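Participant: Provided below for reference: sequence and predicted model.
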Amino acid sequence: MSIAITTQIICFSVLSLVILIGAIGVVLLESIVYSAFLLGGVFMSVAGLYLLLNASFVAAAQVLVYVGAVNVLIIFAIMLVNKKEDLKPISDIKSRRIISTSICLTLLSLLIRVDLTNVWTLSSPQNSIGEESTIRIGEHLFSDYLLPFEVASVLLLMAMIGAIVLARRDVMSKDISTGLPVDQELIEKSSEPLLTNKN
Amino acid sequence: MEYGLDLEYSFNEFLKGFGLSSEIAHIIWLPLPMLLVLIAAVVGVLVTVWLERKISAAAQQRIGPEYAGALGVLQPIADGLKLLVKEDIIPAKADGILFTAGPILVLVPVILSWLIVPFGQNLLISNVGIGIFLWIALSSIQPIGLLMSGYASNNKYSLLGGLRAAAQSISYEIPLALSVLAIVLMTNSLSTVDIVNQQSGAGILSWNIWRQPVGFIVFWICALAECERLPFDLPEAEEELVAGYQTEYAGMKFALFYLGSYINLILSALLVSILYLGGWGFPIPVELIAKFLNLPINAPFIQVFTASIGIVMTVLKAYLLVFIAILLRWTTPRVRIDQLLDLGWKFLLPISLANLLITAGLKLAFPQFFGG
């Protein structure tokens, strides 16, 4: 066994351990802040797996999008609204747990089925693209995957317009959440938080 | 690689001469450039701290440090030693794990980004294909560390500082990436070595700053904002937030933040010089000088000479930019947080988008000047 293969196996086992333990921690930890930070760790380890698979561009994109944007946004949201209060006990917790467990098990069986039926072996090791993958991804995005690419951009545009409408209440004459006429003075001065319930 | 020093190859050949296999030679080689770059980064920080003290003194008509070594050059080392031996304090109500992990998460991505900084054709740790994109991706990890330390300190000033830092770094990442994208568009490659080589045609005339003046200014402003340097040092604005997310930190953990911010400043200056100022290129192409003096470009002596000129040029350009950054810090007032976000979202973002569009158009119209 050469040194390169040994390193690869060590890296793979460490990364998968971190992903598994981290993901379980994200679900089971009581503190939502710890969960959010662990989620960042899981995303990083997934990027590490991509690196091991020779897909450096995908790995960097994973870090940029998931760690640098999604996870930061999640943490940001948690920190802005983080109130130290105990979660309310839910009455029908048992049936909810059964439903969520069954959904998760179904998803897991689906994944296992994909794993078993798919042919994973490459026809030859020379077929891996490696450093050229950036160019190939670009070519695919602008040829056979053009429609999903453009649809995704429309989706992002919609999200952006939604965010602007939510942020700039002064363009609306009525408050979206309550239906009351908007007090323009209040918005200008912002004397109380705009997102509090008015009832 | 047709020309240029290849230290790795010669080193491996040298070790193979002792009967070692190429794999073991490679493993012995691997830590050497990393160690060298780490040392370079730390020494760079010491130099920058000294410069900052001296230039700020000059800007305020003081003398600055003068007793520690000649002209006070040993002052940063004294500072570092002081931080090293100070007591490590974790506040009683702070979150110990996150409090410790925060500074590490801030420093590690910055040091990792040095992976792609070239000082010559082969004088970089790794010429990875995704090059400059790696830096953009890595620098997006930093806000997590800042938020982490801001939250873990259990202090309202720290939390506000962390939130501000994250907001600032998210808003300025986008124009930064867009102006890098314009360069990448002209180079047809993400690799930093290719970006420098594309500018090396006619010396100073072919530097990207002439073709991307808007991109240069946008990139520099965004880089300063990402480093939290003074016109944009809101996360640690002393008058408002004590010291922002660093408030509760002392000793070595504070030193990690300090190191991180200065390494980041030098890294940004290096990247500006690579992206816009021709990297290791001499203002007059070295090949022309060699031809003029009738010297063979591939002779070992000339190779060593050009490599050292390359290193000197890269460091010189970077420190020129560091000097400008320090001067800016001590002569400009701080912007307000709403002005900061307005500048990022309403001014730099549209400008960098327009710059990208115009670059793409010019590339189609004049492929010989803007990269075909």
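Facilitator: In hand now; what should we look at? Numbers count the residues shown, from 1 in each chain, chains lettered A, B, ... in the order given.

Participant: Could I get the pLDDT score of residue 135?
Facilitator: This is for chain A. Listed pLDDT for A:Ile135 reads 82.

Participant: right idea, wrong chain: chain B
Facilitator: As predicted, B:Trp135 sits at a pLDDT of 89.

Participant: Report the contact partners of B:Met34.
Facilitator: B:Ile125 (Cβ atoms under 8 Å, 6 or more residues apart in numbering or on different chains). For the C-beta atoms, the positions are set from N, CA and C on the backbone; glycine is no exception.

Participant: ok, now with 10 Å
Facilitator: B:Ile111, B:Trp114, B:Leu115, B:Ile125, B:Ser126 (Cβ atoms under 10 Å, 6 or more residues apart in numbering or on different chains).

Participant: from those, which is closest to B:Glu23?
Facilitator: B:Ser126 (17.6 Å; Cβ to Cβ).

Participant: Could you give the number of residues near the closest residue to the closest one other than its chain neighbours?
Facilitator: Distances taken as Cβ to Cβ, 6 or more residues apart in numbering or on different chains place B:Leu115 nearest to B:Ser126, at 5.5 Å, with adjacent residues excluded. B:Leu115: 19 surrounding residues under other Cβ atoms under 10 Å in any protein chain shown.

Participant: my read: B:Leu115 touches B:Val108, true?
Facilitator: No - the pair B:Leu115 and B:Val108 fails to qualify as a contact (Cβ atoms under 10 Å) at a distance of 11.9 Å.

Participant: By mean pLDDT, point me to the weakest helix or strand of chain A.
Facilitator: Ranked by mean pLDDT, DSSP states H and E, the weakest helix or strand in chain A is helix A:184-189, scoring a mean of 50.

Participant: ok, which stretches of chain A are helices?
Facilitator: A:3-28, A:32-52, A:56-62, A:72-81, A:93-117, A:133-141, A:146-167, A:184-189 (DSSP state H).

Participant: In chain A, which residue sits closest to chain B?
Facilitator: Per Cβ to the nearest Cβ, A:Gly68 is where chain A lies closest to chain B, at 2.4 Å.

Participant: Can you get me a residue count around A:Asn54?
Facilitator: 13.

Participant: residue of chain B with the smallest distance to chain A?
Facilitator: As assessed by Cβ to the nearest Cβ, chain A sits closest to B:Ser140 within chain B, at 2.4 Å.

Participant: Nearest residue to that residue in space, please, no chain neighbours.
Facilitator: In space, B:Ser140 comes closest to A:Gly68 once its chain neighbours are excluded; the distance is 2.4 Å by Cβ to Cβ, 6+ apart.

Participant: Model confidence for that neighbour, exactly?
Facilitator: At A:Gly68, pLDDT is 84.

Participant: wait, doesn't it sit right on B:Ile174?
Facilitator: No - under the criterion of Cβ under 10 Å, A:Gly68 makes no contact with B:Ile174, lying 11.0 Å away.

Participant: Low-confidence bits of the chain, can you list those?
Facilitator: I went with chain A, as the question did not name one. Where chain A drops to pLDDT under 70, the residues are A:1-3, A:82-87, A:122-130, A:169-199.

Participant: I was thinking of chain B, sorry if that wasn't clear
Facilitator: Low-confidence segments of chain B (pLDDT under 70): B:1-7, B:237-238, B:297-298, B:371-372.

Participant: Give me the residue at the spatial middle of it.
Facilitator: The centroid of chain B falls nearest to B:Leu267 when counting by Cα atoms, centre = their mean (1.1 Å).

Participant: For the residue lying closest to B:Leu341 once chain neighbours are set aside, which three-state class applies?
Facilitator: Of all residues beyond its chain neighbours, the one nearest B:Leu341 is B:Ser171 (5.8 Å), with distances taken as Cβ to Cβ, 6+ apart. Here B:Ser171 is recorded as helix under DSSP: H, G, I helix; E, B strand; the rest coil.
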